[in-house]
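Engineer: Dropping a prediction and its sequence here:
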Amino acid sequence: MSELIINRAILHVYDFLSGNVAPSENVLNLEDKWIQGYLNSLVRRCHYDSRIQEGSFHSDSTYSQLYESFASGDVSFVEYTQKTGDYVGEYLKNTDAQSYDVLFVDYRMDETPYIGMYLLENQKAYTHFCGADSTGNINNTIQYHSCVLPSGSKKIASFALLKTISCTVSFCDETKWTLGDVQVMKDLILACDSKRSHKEVMLDVQEVVSEVAEKCDENPTILLSKYKNYVQNALQETDAISVEDLAVHVFNDTEKMQDTFISTSMEHELPQQLPVTSNTVRSTMKNQKIRTDTGIELTFPTEYFENPDLIEFINHPDGTISIEIKKIGKIINRK
């Protein structure tokens, strides 16, 4: 597991629904095991989120300029996060939810320093409250809270990670902003350009593989399984693979298929180096899911496709396909 060190963190409240706007004047107490546990979980989950897009700041980026004032020593960490939080808060107050906490975390992941900004949309929840009535008898009741933080295991809709060494940024933005079609995080808050996320790139590759299968009259399920299995094996040796490597190892039956894959990749503008970090592809590459036109759905480990002793796809002269699943010791009904 990667080494995570959290140096400091601070939480600012922008609850426009109740009118409670309270930028903190103190950092969080990292000696508190509950705070430390929450931050560790949230920071790790976001740092390796496959939805992340990488970007570079525009020269007129206010977000970048606010960080530079901190990096140069002109303002403290607390002042920097307050100013940045207020700047972001101008956009947050136009959201439907109107209730956010903005968390800033100064951390190092494998010795690389980052400052993360996380927009924590307040959740609604019920909880118990233990009290007493006028006679002193215990009186338990239920209270409704609209300012509950998202759990550490939940995906955060919008956040930005500033790599302080290079002053480059990566971000995710799935907040339902009410400012039309403008990409609020990218265009307004960060003012940066962006690349496709790792998740988007890997989905694009799957689309290309399926297109090649159709163009070359091959079974797309088998080629997709072969692609996923190759990528999963590549995780042991590299963080990225080239389009040419994929062509050679996945479409090794004919040169025509390899050439078709490369040309189709160019049409889809795939990057020459495809990211295959384990955190990005583990969940998407582990299994292959298929659905037949007869309504049958199957999910099987991608490595099985190379083992005809476990599963076999049989092409018939009439164009139909049979799937034979072998060596089954027990069948369990799932609800």
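Structural biologist: Received, thanks. Here the structure is a predicted model, which is why all the values come from computation and not from measurement.

Engineer: Which residue is the nearest non-sequential neighbour of residue 99?
Structural biologist: residue 122 (4.1 Å; Cβ to Cβ, 6 or more residues apart in numbering). To be clear about C-beta, it is placed using only N, CA and C from the backbone, and glycine gets the same treatment.

Engineer: what about the one you found, distance to residue 162?
Structural biologist: Distance from residue 122 to residue 162, counting by Cβ to Cβ, to the nearest Å: 24 Å.

Engineer: Could you do residue 255 as well?
Structural biologist: 45 Å.

Engineer: if you count what's nearby, which of the two comes out ahead?
Structural biologist: Neighbours per residue (other Cβ atoms under 10 Å) separate residue 255 from residue 162, with residue 162 holding more: 23 against 10.

Engineer: Am I right that residue 140 falls within a helix?
Structural biologist: No: counting by DSSP: H, G, I helix; E, B strand; the rest coil, residue 140 is not part of a helix but strand.

Engineer: what sits opposite it in the beta ladder?
Structural biologist: Beta-bridge pairing of residue 140 under DSSP bridges involves residue 130.

Engineer: Quick check, it in contact with residue 133.
Structural biologist: No: at 10.6 Å, residue 140 does not count as touching residue 133 under the criterion of Cβ atoms under 8 Å.

Engineer: Assign residue 294 to helix, strand or coil.
Structural biologist: With three-state DSSP as the criterion, residue 294 reads coil.

Engineer: What does the pLDDT read for it?
Structural biologist: Residue 294 is assigned 87 on the pLDDT scale.

Engineer: What about it, how many residues nearby?
Structural biologist: Using other Cβ under 10 Å, the number of residues around residue 294 comes to 5.

Engineer: before we move on, what about residue 23?
Structural biologist: When neighbours are counted by other Cβ under 10 Å, residue 23 registers 19.

Engineer: Mind telling me what element the most centrally placed residue in the chain is part of?
Structural biologist: Of all residues in the chain, the one closest to the mean position by Cα atoms, centre = their mean is residue 49, 2.8 Å from it. Assigned by DSSP states H and E, residue 49 belongs to no helix or strand.

Engineer: With adjacent residues omitted, what lies nearest to it?
Structural biologist: residue 172 is the one closest to residue 49 (Cβ to Cβ, 6+ apart), at 5.8 Å.

Engineer: and the strand or helix carrying that neighbour, what's its mean pLDDT?
Structural biologist: Taking DSSP H and E as the criterion, residue 172 maps to strand 168-173. For strand 168-173, mean pLDDT rounds to 93.

Engineer: Return whichever helix in the chain runs longest as CSV; C-alpha atoms alone will do.
Structural biologist: Using DSSP state H, we find that the single longest helix of the chain is helix 198-215. Taking C-alpha atoms only, helix 198-215 is exported to CSV below (Å, rounded to 0.1, in the frame of the first residue of the first chain):
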residue,chain,number,x,y,z
HIS,A,198,-8.2,7.0,-16.8
LYS,A,199,-11.7,5.5,-16.6
GLU,A,200,-12.8,7.3,-19.9
VAL,A,201,-9.6,6.1,-21.7
MET,A,202,-10.1,2.5,-20.7
LEU,A,203,-13.7,2.6,-21.7
ASP,A,204,-12.7,4.1,-25.1
VAL,A,205,-10.2,1.2,-25.5
GLN,A,206,-13.0,-1.3,-24.9
GLU,A,207,-15.1,0.5,-27.6
VAL,A,208,-12.2,0.3,-30.0
VAL,A,209,-11.7,-3.4,-29.3
SER,A,210,-15.4,-4.1,-30.0
GLU,A,211,-15.3,-2.1,-33.3
VAL,A,212,-12.3,-4.1,-34.4
ALA,A,213,-14.1,-7.3,-33.7
GLU,A,214,-17.0,-6.2,-35.8
LYS,A,215,-14.8,-5.0,-38.7
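
Engineer: Report all helices and strands that the next helix or strand after that helix contacts.
Structural biologist: On the C-terminal side of helix 198-215, the closest following helix or strand by DSSP H and E is helix 220-234. Packing partners of helix 220-234 (3 or more Cβ pairs under 8 Å, 6 or more residues apart in numbering; DSSP states H and E): helix 198-215, helix 243-250, helix 278-286, strand 287-291.

Engineer: The third one - what's its average pLDDT?
Structural biologist: It stands for helix 278-286. Average pLDDT, helix 278-286: 64.

Engineer: Okay, residue 307 and residue 299: tell me how far apart.
Structural biologist: Taken as Cβ to Cβ, the span from residue 307 to residue 299 is 16 Å.

Engineer: Just give the nearest non-adjacent residue to residue 47, would you?
Structural biologist: Nearest to residue 47 is residue 109, by Cβ to Cβ, 6+ apart, at 5.8 Å.

Engineer: What residues of whichever strand or helix holds residue 8 count as buried?
Structural biologist: Using DSSP H and E, residue 8 maps to strand 4-15. Counting neighbours by 16 or more other Cβ atoms under 10 Å, one finds that the buried residues in strand 4-15 are 6, 9, 10, 11, 12, 13, 14, 15.

Engineer: what bridges to the first one?
Structural biologist: To tie it back to what came earlier, the one meant is residue 6. residue 107.
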